[in-house]
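S.K.: Mind looking at a prediction? Sequence and model below.
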Amino acid sequence: MPGKAVLFLAPLVYLVLFHGLGRYGLVNGDEGFYHDVAVRMVETRDFFHLDFQGEHRLYDTFMNAPLQYWGRALAISLLGDGPVAMRIESASFGLASLWLTAVLARRLAGRRVALLAAAIQLTTFQFVYWHSARTGELETATAFFLTAVVAAFLRYLETGRGLVLHHVLWVLLANWKLPLVLVPLLAELVAFALLPAARARFVPWLRAALWVLPLGFSWHIVQFLVHWEGFVAVMTRMLAQAGGGAAEGLSQRLGTNASFYGFAVLYGAFPYSLLYPFSLGAMLYAARGEARLRWAVVALFVAAVFVFFLCVAKHYRWYWTPAIPLLSLAVAAWLDGLARARPGPAALAAAGVVFAGLLLVDVDLFGANPFAARTPYLPLVLPLRSLVEAPVAAAAFGLFGVGAALAVAVRTMGGARAGAVLAGGMLAVCFAFGLLRVLSPLQHLDHQTEMVRVRAHVDAAHQAGRSVPTPIAIAEGGELKVRALFARDFEIVPGRGDVAWWLFEPQDPRAKGSIRRGLSNAVTPPGASPP
């Protein structure tokens, strides 16, 4: 059973996804914003209005609602207002996504691949950090729902059953993060157009969509009727983001985004990212019959994720996260197949790329701190090792040649076991590297940013009955973060230069002393200067 794969990984799952989930301070403004909206829902018992510090958030009402807020409200009701409640939803969807990846992997490639795929996904840095499982955002849930849509769509194409379930999963994705529903729509329409085996299923698919989807969009329909002027403004903003930079040319924007996401994937999933193109391409090339249909659908969904975000002007390094389960599945299935076959040119080239990449790219294994304030937003830079005094291209080509030569030697001398040796070697090296990447940041679980330390000091003063002299200067940036932490107690004024924000006494005396519990559970560390 696929659940056994996740159960086998249970100690590692707990350590990577859940251990110390509430020990570090607020990392991103988004997790503070989402949590604060849900806190407001619990306090007011109004679950149909998205309010952030007195501001009605219409954009999020249409684009990122309502299911994730209701889930957060439930967590807050059960666990209280704190960092665990803020992050338990994303961590739990991380676990659910691992299970679903194992389910789909077993169906496509067998029981052993189920375990491999879950292990690869769990040790992919981007899936754990940077707006993902360990911070309270949306990406692991969207990864889960998109993978579920793939599984349901495959079932429908192969058996004709499960169409209503498929459309319901579409609806759940739309009620979590509306724009992402365009990804499965694009992938499935292309599948119907290009895959002869899928075309006969199109008319029932469309007929079911015509009555399921309007019911599923009832939240958005009601919000549109109540806030139709706001809806027009939101759609205008969304279309501007989707088509932003049109004046500079579509090709230039696509090139900029392609370069950005190329580095985002290479760094965020390193070293598994070195195997992504080989594995997905090899599975498509080698599959026959029903298996080819399955892998074609997987490839179309992966392509749809990247095509969608390539066309959107706004880009962040975590946007591609929903593709990680499918890419992990492809790597696991390819390595499993390679272990039982004679290595071909693609496998030899992959070995060369892995060898060159691991020796050439200097990824910080032991010092990276994803909980630091600006780490998720720093420029994507892949530092290179100083192995040789030669241009990068020459060094990369030379290392690739050495790795490929070693792979050829394994193929020549390994006989029938050459594939197993080559696949096992690449898996062992990549898994060990990936494991170190997801475990080493756990040394920073007690990290608190300056903003969180200030909040903790304010809470301690309020609880002791002391006043806090204002204004307070904060050098750390982030509007959503500073509002989530301080808007209930202070007037917040943007700063200049080295001061990002000034905190002043609130004009409304009723606001003073309404301590925001939980998100500032840290204390001012020894030796730090209190504000």
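M.R.: Good, I have the coordinates.

S.K.: Help me confirm that residue 492 is found in a strand?
M.R.: Yes - residue assignment for residue 492, taken from DSSP: H, G, I helix; E, B strand; the rest coil, places it within a strand.

S.K.: who's in contact with it?
M.R.: The contact partners of residue 492, taken as C-beta atoms under 8 Å, 6 or more residues apart in numbering, are 482, 483, 486, 501, 502, 503, 504. Any C-beta I mention is one placed from the backbone N, CA and C, and that applies to glycine too.

S.K.: And the protein, what are its domain boundaries?
M.R.: By the assignment in automatic domain parsing, the chain contains the domains 2-335, 345-444, 448-531.

S.K.: So which of these is the most surrounded?
M.R.: When these are scored by mean count of other C-beta atoms under 10 Å, the highest mean neighbour count falls to domain 2-335 (a mean of 19).

S.K.: so what pLDDT did residue 140 get?
M.R.: Model confidence at residue 140, given as pLDDT, is 96.

S.K.: Output the helix or strand hosting it as PDB, restricted to C-alpha atoms.
M.R.: Secondary structure assigned from DSSP states H and E places residue 140 in helix 139-159. Listed next in PDB are the C-alpha coordinates belonging to helix 139-159 (Å, rounded to 0.1, in the frame of the first residue of the first chain):
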ATOM      1  CA  GLU A 139       2.200  25.900  -2.000                       C
ATOM      2  CA  THR A 140       2.100  22.400  -0.400                       C
ATOM      3  CA  ALA A 141      -1.700  22.500  -0.600                       C
ATOM      4  CA  THR A 142      -1.700  23.500  -4.300                       C
ATOM      5  CA  ALA A 143       0.800  20.700  -4.900                       C
ATOM      6  CA  PHE A 144      -1.500  18.200  -3.300                       C
ATOM      7  CA  PHE A 145      -4.600  19.400  -5.200                       C
ATOM      8  CA  LEU A 146      -2.800  19.500  -8.500                       C
ATOM      9  CA  THR A 147      -1.500  16.000  -8.000                       C
ATOM     10  CA  ALA A 148      -4.900  14.800  -7.000                       C
ATOM     11  CA  VAL A 149      -6.400  16.300 -10.200                       C
ATOM     12  CA  VAL A 150      -3.700  14.400 -12.300                       C
ATOM     13  CA  ALA A 151      -4.600  11.100 -10.600                       C
ATOM     14  CA  ALA A 152      -8.400  11.700 -11.100                       C
ATOM     15  CA  PHE A 153      -7.900  12.800 -14.700                       C
ATOM     16  CA  LEU A 154      -5.800   9.600 -15.500                       C
ATOM     17  CA  ARG A 155      -8.500   7.500 -13.900                       C
ATOM     18  CA  TYR A 156     -11.200   9.100 -16.000                       C
ATOM     19  CA  LEU A 157      -9.200   8.700 -19.200                       C
ATOM     20  CA  GLU A 158      -8.500   5.000 -18.500                       C
ATOM     21  CA  THR A 159     -11.800   3.900 -17.100                       C
END
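
S.K.: after it, next one along is what?
M.R.: Secondary structure here is assigned by DSSP H and E; on that basis, the next helix or strand after helix 139-159 toward the C-terminus is helix 163-174.

S.K.: Identify all contacting residues around that next one.
M.R.: Applying C-beta under 8 Å, 6+ apart, the contact partners of helix 163-174 are 67, 142, 145-146, 148-149, 152-153, 155-156, 180-181, 184, 204-205, 208-209, 212-213, 215-217, 220.

S.K.: do the same with stretch 199-217
M.R.: Counting by C-beta under 8 Å, 6+ apart, residues outside stretch 199-217 touching it are 156-157, 160, 163-164, 167-168, 170-171, 174-175, 188, 192-193, 221.

S.K.: Give me the mean pLDDT for that stretch.
M.R.: Over the span of stretch 199-217, the pLDDT mean works out to 88.

S.K.: For it, what is the distance to the chain centroid?
M.R.: The offset between the C-alpha centroid of stretch 199-217 and the centroid of the whole chain comes to 29 Å, using C-alpha atoms, centre = their mean, to the nearest Å.

S.K.: Stretch 303-323 too?
M.R.: Counting by C-alpha atoms, centre = their mean, stretch 303-323 is centred 11 Å from the centre of its parent chain.

S.K.: Same question for stretch 193-212.
M.R.: If you compare the mean C-alpha spot of stretch 193-212 with that of the full chain, they lie 30 Å apart, counting by C-alpha atoms, centre = their mean.

S.K.: wait, is residue 372 part of a helix?
M.R.: No - with three-state DSSP as the criterion, residue 372 is coil rather than part of a helix.

S.K.: from what I can see it touches residue 449, true?
M.R.: Yes - under the criterion of C-beta atoms under 8 Å, residue 372 lies in contact with residue 449, with a separation of 7.0 Å.

S.K.: Show me what the helix holding residue 140 is packed up against.
M.R.: Contacts of helix 139-159 with other secondary structure elements, assessed using 3 or more C-beta pairs under 8 Å, 6 or more residues apart in numbering; DSSP states H and E, are made with helix 83-109, helix 163-174, helix 182-194, helix 290-310, helix 324-338.

S.K.: by how many degrees do the second one and helix 139-159 diverge?
M.R.: Same thing as helix 163-174. 160 degrees (axes from the mean of the first three to the mean of the last three C-alpha atoms, to 10 degrees).

S.K.: Likewise for the longest one?
M.R.: Relative orientation of helix 83-109 versus helix 139-159 (the same axes, to 10 degrees): 30 degrees.

S.K.: report the angle between the axes of helix 83-109 and helix 324-338?
M.R.: Using the same axes, to 10 degrees, helix 83-109 lies at 40 degrees relative to helix 324-338.

S.K.: tell me what helix 83-109 is packed against?
M.R.: helix 2-8, helix 29-44, helix 67-79, helix 111-122, helix 125-128, helix 139-159, helix 290-310, helix 324-338.

S.K.: so can I have a markdown table of the ones you listed showing distance to residue 200?
M.R.: Formatted as a markdown table, the entries for the helices and strands packed on helix 83-109 read as follows, by distance: least, C-beta to C-beta, whole Å:
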| stretch | distance to residue 200 |
| --- | --- |
| helix 2-8 | 29 |
| helix 29-44 | 42 |
| helix 67-79 | 33 |
| helix 111-122 | 29 |
| helix 125-128 | 36 |
| helix 139-159 | 9 |
| helix 290-310 | 12 |
| helix 324-338 | 25 |
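
S.K.: weakest of those by average pLDDT?
M.R.: Of all the helices and strands packed on helix 83-109, the minimum mean pLDDT falls on helix 2-8 (a mean of 69).

S.K.: and the next helix or strand after it, average pLDDT?
M.R.: Stepping forward along the backbone from helix 2-8, the first helix or strand reached (DSSP H and E) is helix 10-13. Over the span of helix 10-13, the pLDDT mean works out to 93.

S.K.: any residues touching helix 10-13, and which ones?
M.R.: With C-beta under 8 Å, 6+ apart as the test, helix 10-13 has contacts from 6, 95, 98, 119, 122.

S.K.: Now the element after the helix or strand of the chain with the lowest mean pLDDT, going C-ward?
M.R.: Ranked by mean pLDDT, DSSP states H and E, the weakest helix or strand in the chain is helix 392-414, scoring a mean of 59. Moving toward the C-terminus from helix 392-414, the next helix or strand (DSSP H and E) is helix 418-439.

S.K.: which helices and strands does that next one pack with?
M.R.: Judged by 3+ C-beta pairs under 8 Å, 6+ apart, helix 418-439 is in contact with helix 111-122, helix 125-128, helix 324-338, helix 345-360, helix 392-414.

S.K.: Please export the C-alpha coordinates of it as PDB.
M.R.: The C-alpha atoms that make up helix 418-439 are tabulated as PDB, following Å, rounded to 0.1, in the frame of the first residue of the first chain:
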ATOM      1  CA  ALA A 418      25.600  -1.800 -14.900                       C
ATOM      2  CA  GLY A 419      22.200  -0.200 -14.800                       C
ATOM      3  CA  ALA A 420      21.600  -1.000 -11.100                       C
ATOM      4  CA  VAL A 421      25.100   0.300 -10.200                       C
ATOM      5  CA  LEU A 422      24.600   3.600 -12.200                       C
ATOM      6  CA  ALA A 423      21.000   4.200 -10.900                       C
ATOM      7  CA  GLY A 424      22.000   3.300  -7.400                       C
ATOM      8  CA  GLY A 425      25.000   5.500  -7.400                       C
ATOM      9  CA  MET A 426      23.100   8.600  -8.700                       C
ATOM     10  CA  LEU A 427      20.200   7.900  -6.300                       C
ATOM     11  CA  ALA A 428      22.500   7.500  -3.300                       C
ATOM     12  CA  VAL A 429      24.500  10.600  -4.000                       C
ATOM     13  CA  CYS A 430      21.500  12.800  -4.800                       C
ATOM     14  CA  PHE A 431      19.500  11.500  -1.800                       C
ATOM     15  CA  ALA A 432      22.400  12.100   0.600                       C
ATOM     16  CA  PHE A 433      22.900  15.600  -0.700                       C
ATOM     17  CA  GLY A 434      19.200  16.300  -0.600                       C
ATOM     18  CA  LEU A 435      18.900  14.900   2.900                       C
ATOM     19  CA  LEU A 436      21.600  17.200   4.200                       C
ATOM     20  CA  ARG A 437      20.000  20.200   2.500                       C
ATOM     21  CA  VAL A 438      16.700  19.600   4.300                       C
ATOM     22  CA  LEU A 439      18.100  18.600   7.700                       C
END
